[in-house]
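Visitor: let's see this in three dimensions:
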Amino acid sequence: MVRAPVIHTLGTKPEYQGRGAITPIIRHVLEEAKQKGLPTYIEASPMGLPVYRHFGWKEFEAAIEIPLPSGPTIKIVPMVTEAISK
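Guide: Numbers count the residues shown, from 1 in each chain. Model (predicted):
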């Protein structure tokens, strides 16, 4: 099993989306991982894919679809970055 930092949940209020509000958090996580030589893992929504691709995450499996009891289905895309040496 490979140890890797995992970002569990990131969200941005609609009025702040597309303005870089989440960038400092992402950069911090990636820098910590780089310092430790670890890959990172995130489960992205389809809306978040372009953001995470921009920072180097790559999709590694098919999307996961989770049906909710209330009816709709949510889609999650697992993504990873490679471990980067110091």
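Visitor: tell me the spatial nearest neighbour of residue 49, not counting adjacent residues.
Guide: Leaving aside its chain neighbours, residue 49 sits nearest to residue 77 (6.2 Å; criterion: C-beta to C-beta, 6 or more residues apart in numbering). Backbone N, C-alpha and C define where each C-beta goes, glycine included.
Visitor: isn't there a helix covering the one you found?
Guide: No. Going by DSSP: H, G, I helix; E, B strand; the rest coil, the assignment for residue 77 is strand, not a helix.
Visitor: that one touches residue 50, doesn't it?
Guide: No. If you go by C-beta atoms under 8 Å, residue 77 and residue 50 don't touch, sitting 11.4 Å apart.
Visitor: so for the two, which residue has more residues nearby?
Guide: Taking neighbours as other C-beta atoms under 10 Å, residue 77 and residue 50 compare with residue 77 leading, 19 against 9.
Visitor: check contacts around that one.
Guide: Contacts for residue 77 (C-beta atoms under 8 Å, 6 or more residues apart in numbering) come out as 43-46, 49, 59, 63-64.
Visitor: ok, and the most crowded of the residues you listed?
Guide: residue 44 (21 neighbours).
Visitor: roughly how far apart are that residue and residue 34?
Guide: 20 Å (C-beta to C-beta, to the nearest Å).
Visitor: show me where the protein has its helices.
Guide: Applying DSSP state H to the chain gives helices spanning 23-36, 49-54.
Visitor: which one of these lies closest to residue 82?
Guide: Shortest distance between residue 82 and the helices of the chain, using C-beta to C-beta, is found for helix 23-36: 9.8 Å.
Visitor: show me what counts as buried in the closest one.
Guide: 26, 29-30, 33 (16 or more other C-beta atoms under 10 Å).
Visitor: just give me the closest of those to residue 83.
Guide: residue 33 (7.5 Å).
Visitor: would you agree the closest one is in contact with residue 80?
Guide: No. In this structure residue 33 lies outside contact range of residue 80 using C-beta under 8 Å: 10.6 Å.
Visitor: on that earlier part again, distance to residue 15 added to the contacts of residue 77, as CSV?
Guide: Supplementary listing: the contacts of residue 77 in CSV, determined by distance: C-beta to C-beta, whole Å:
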residue, distance to residue 15
43, 24
44, 21
45, 18
46, 21
49, 21
59, 28
63, 28
64, 29
